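In: let me see the structure of the following:
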Amino acid sequence: MKTESKLFCGCQNKYGSPPNTHICPVCTGQPGVLPVMNEKAMEQAVRASLALGCAVNRTSVFARKQYFYPDLPKNYQISQYKIPLGENGALYVDGEKISIERAHLEEDAGKLVHSRGGITKIDYNRGGTPLLEIVTRPDIKSPAQAADYLKILRQRLRYAGVSDCDMEKGSLRCDANISLSPGDSDRLGTKTEVKNMNSFKGVFRALEYEAKRQEKVLTEKGEVMQETRLWDEDSSVTKTMRTKEEAHDYRYFPDPDLPPLVIRQEKIDEIKVSMPEFPSQRKKRLTEKFKLSEYDAGVLTGEKEVVDYFEEALETAGYENAKKLSNWVTVELMGRVNSENVQFCDQPVKPEYMGKMVFLIKDGTISGKMAKKVFDIMWDEGKPPEEIIREKGMKQITSQDKISDICGKAIEENPELVEKYLGGKTGVIGALVGSVMRETKGQANPKLVNEKLRQLLEKKK
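Out: This next block holds a predicted model:
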């Protein structure tokens, strides 16, 4: 989750730092230390729980989950077991309800770094960072639905502002339990747990493989073993990691160093008031208030930072220009973000600049073709559109008299085109428009040029 410090100590919660530079006696499990709860982590956990439709328990309890692994220096993990912070929520995937059993706070373990020669190093920077584990009930019916659920989950948590949910950085991780059942029964078979999936596509492929593997085992009258398996991305198979331990093997008991986590109802109500509009609500408002299509509104609301940018830019562009602005944001801006491989939040075009440029297209100051050049300069130099137009002399020519003079000149210099037009081949007017646009270096208003050429040519009949 997004916090400045770890769950039970003051060490910085930061990704990508040199190994073992954000550690202290508390998060490395030294004797005699005491954990202290991070209030911000509690608030973020409440926000996440509300975003997932969970009931927030005003009192939850931390427990020690005992297991032994090199990246867990205390030999236990502080987690929540019997009384989690959030429970009984749901998300919907294409109208189907996916029930969420619980959302509980816990601390992360460190990271094992394996290298050649069988050497393993341990980076404890991640140890103690605040996690929220979200557990669904067995409602997901297919690998595709599992991937779709994760996308919706990620979107909702990003909207709530509780996490970046970046799978590459490990801020969204997924373990999936999968079991098969006979086609005529709701009874679930023996489950396996699949780990090491670091993309939505990876989740889909791993579960698809594991379903086929289990089906083959059962078809051959074998027995599916309850175990934990790793997804091998390179060979596209799951491999046995260890046999599955039952919950009681962890020997949970309440952490004696941490009192129950008690949250005032006033605090929960305060967080509720601060919750944002979620994608479905925002999409509905964009279609109803600004008359955007379902598709355009869906693209804009896919990421909170994109729709935030759009609505800020709209203040400058004018609400009547919502459709045009939507096209510029979803096609030109997002296209450039993708081609340049930058994060949307790092792109250089300010929303007020984008809005102003769209306004200038609408009021005739620049044409759509000229706007593409303005946009390129805004991207490269970060300047406002008015300054670019002034410096480059790009203001559109809209003077009726000036356009009439230039159109008259084009007609005089192209008698063969005029003859064809008068002979009924009216499509040649496009070539005359092109001649005027070249003469004015693209600054003449194309609509006015077309109208004026037709007026002058009609007079010759």
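
In: can we go C-alpha only for contacts and neighbour counts from here?
Out: Noted.

In: show me what Gly239 bridges to in the sheet.
Out: To be clear, residue 239 is Lys; Gly isn't right here. Leu230 (DSSP bridges).

In: next one: stretch 56-64 to chain centre, how far?
Out: 30 Å (Cα atoms, centre = their mean, to the nearest Å).

In: would you mind measuring the gap between the ends of it?
Out: One end of stretch 56-64 to the other measures 21 Å (Cα to Cα, to the nearest Å).

In: what's that stretch in contact with?
Out: For stretch 56-64, the external contacting residues (Cα atoms under 8 Å, 6 or more residues apart in numbering) are 46, 49-50, 76-87, 251-255, 258-265, 268.

In: so for that stretch, what gets flagged as buried?
Out: Val56, Asn57, Arg58, Ser60, Val61, Phe62, Ala63, Arg64 (16 or more other Cα atoms under 10 Å).

In: among those residues, which pair sits farthest apart?
Out: Checked with Cα to Cα, these reach their widest spread between Val56 and Arg64, with 21.3 Å between them.

In: surely Ala176 touches Asn196?
Out: No: here Ala176 does not reach Asn196: they are 9.8 Å apart, not a contact under Cα atoms under 8 Å.

In: what is the burial count for Gln12?
Out: 16 (other Cα atoms under 10 Å).

In: contact partners for it?
Out: Applying Cα under 8 Å, 6+ apart, the residues near Gln12 are Glu4, Ser5, Lys6, His22.

In: counting neighbours, which of those residues comes out on top?
Out: If you rank those by neighbour count (other Cα under 10 Å), Lys6 sits at the top with 30 neighbours.

In: identify the residue nearest Val46 in space, chain neighbours excluded?
Out: Val56 (6.8 Å; Cα to Cα, 6 or more residues apart in numbering).

In: also Gln12?
Out: Ser5 (4.4 Å).

In: equivalent analysis for Gly53, please.
Out: Nearest in space to Gly53, with sequence neighbours left out and distances taken as Cα to Cα, 6+ apart, is Gly89 at 4.4 Å.

In: what's the local residue count around the one you found?
Out: When neighbours are counted by other Cα under 10 Å, Gly89 comes out with 23.

In: in this structure it contacts Lys97, no?
Out: No: contact criterion Cα under 8 Å: Gly89 and Lys97 do not qualify, at 10.0 Å.

In: before we move on, back to that, buried set for the helix or strand the residue nearest to Gly53 falls within?
Out: Using DSSP states H and E, Gly89 sits in strand 86-93. Buried positions in strand 86-93, judged by neighbour count with 16+ other Cα under 10 Å: Gly86, Glu87, Asn88, Gly89, Ala90, Leu91, Val93.

In: where exactly do the helices run in the stretch 101-250 of the chain?
Out: Remark: helices assigned in the stretch 101-250 of the chain by DSSP state H, counting those that start in this stretch are 143-160, 200-219.

In: okay, these, which one's buried deepest?
Out: helix 143-160 (a mean of 19; mean count of other Cα atoms under 10 Å).

In: now for it, which elements pack on it?
Out: helix 39-51, strand 86-93, helix 200-219 (3 or more Cα pairs under 8 Å, 6 or more residues apart in numbering; DSSP states H and E).

In: the first one vs helix 143-160, what angle?
Out: If you take axes from the mean of the first three to the mean of the last three Cα atoms, to 10 degrees, helix 39-51 sits at 130 degrees to helix 143-160.

In: and for the second one?
Out: Counting by the same axes, to 10 degrees, strand 86-93 points 120 degrees away from the direction of helix 143-160.

In: begin at 6 from now on, thanks
Out: In the new numbering, first residue 6, that becomes strand 91-98.

In: can you count the residues close to Met280?
Out: As a burial measure, Met280 scores 15 neighbours (other Cα under 10 Å).

In: Pro353: which of the contacts of Gln17 is nearest?
Out: Pro353 has its nearest neighbour among these in Glu9, at 26.1 Å by Cα to Cα.

In: Arg161 contacts Glu282, correct?
Out: No: using Cα under 8 Å, Arg161 and Glu282 do not qualify as a contacting pair, with a distance of 10.0 Å.

In: got the helices of the stretch 106-255 of the chain as a markdown table, with distance to Lys126 and mean pLDDT columns?
Out: Shown next, in a markdown table, are the helices of the stretch 106-255 of the chain (distance: least, Cα to Cα, whole Å; pLDDT from 0 to 100):
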| stretch | distance to Lys126 | mean pLDDT |
| --- | --- | --- |
| helix 148-165 | 31 | 96 |
| helix 205-224 | 26 | 95 |
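
In: quick one: which of those helices is nearest Lys329?
Out: Among the helices of the stretch 106-255 of the chain, helix 148-165 sits nearest to Lys329 (Cα to Cα), with 25.0 Å.

In: what ranges does the stretch 156-305 of the chain have for its strands?
Out: 179-183, 197-202, 232-237, 242-248, 258-259, 266-267 (DSSP state E, counting those that start in this stretch).

In: among those strands, which is the most enclosed?
Out: By mean count of other Cα under 10 Å, the strands of the stretch 156-305 of the chain have strand 197-202 as the most buried, with a mean of 22.

In: that one pairs with which strands?
Out: Counting by DSSP bridges, strand 197-202 is paired with strand 179-183 (antiparallel), strand 232-237 (parallel).

In: show me what contacts the residue nearest to Gly58?
Out: Counted by Cα under 8 Å, 6+ apart, Gly94 has contacts Ser54, Leu57, Gly58, Cys59, Ala60, Ser104, Ile105, Glu106, Arg107.

In: show me what it is bridged to.
Out: Partner residues in beta bridges with Gly94, using DSSP bridges, are Ile105.

In: now do the nearest residue to Gly175 once chain neighbours are set aside against Glu173, distance only.
Out: Spatial nearest neighbour of Gly175, excluding adjacent residues (Cα to Cα, 6+ apart): Asn203 at 7.9 Å. From Asn203 across to Glu173, the span is 7 Å (Cα to Cα).

In: more crowded one of the two?
Out: Neighbour count, other Cα under 10 Å: between Asn203 and Glu173, Asn203 has more, with 19 against 10.

In: help me confirm that that one comes into contact with Asp180.
Out: No: if you go by Cα under 8 Å, Asn203 and Asp180 don't touch, sitting 9.9 Å apart.

In: which residue lies nearest the spatial centre of this structure?
Out: Glu308 (4.7 Å; Cα atoms, centre = their mean).

In: OK, contacts around that residue?
Out: Gln160, Arg163, Tyr164.

In: how close does it sit to Gly100?
Out: 21 Å.

In: is Lys452 in a helix, a strand, or coil?
Out: Of the three states, Lys452 takes helix under DSSP: H, G, I helix; E, B strand; the rest coil.

In: gap between it and Leu461?
Out: Computed as Cα to Cα, the Lys452 to Leu461 distance reads 15 Å.
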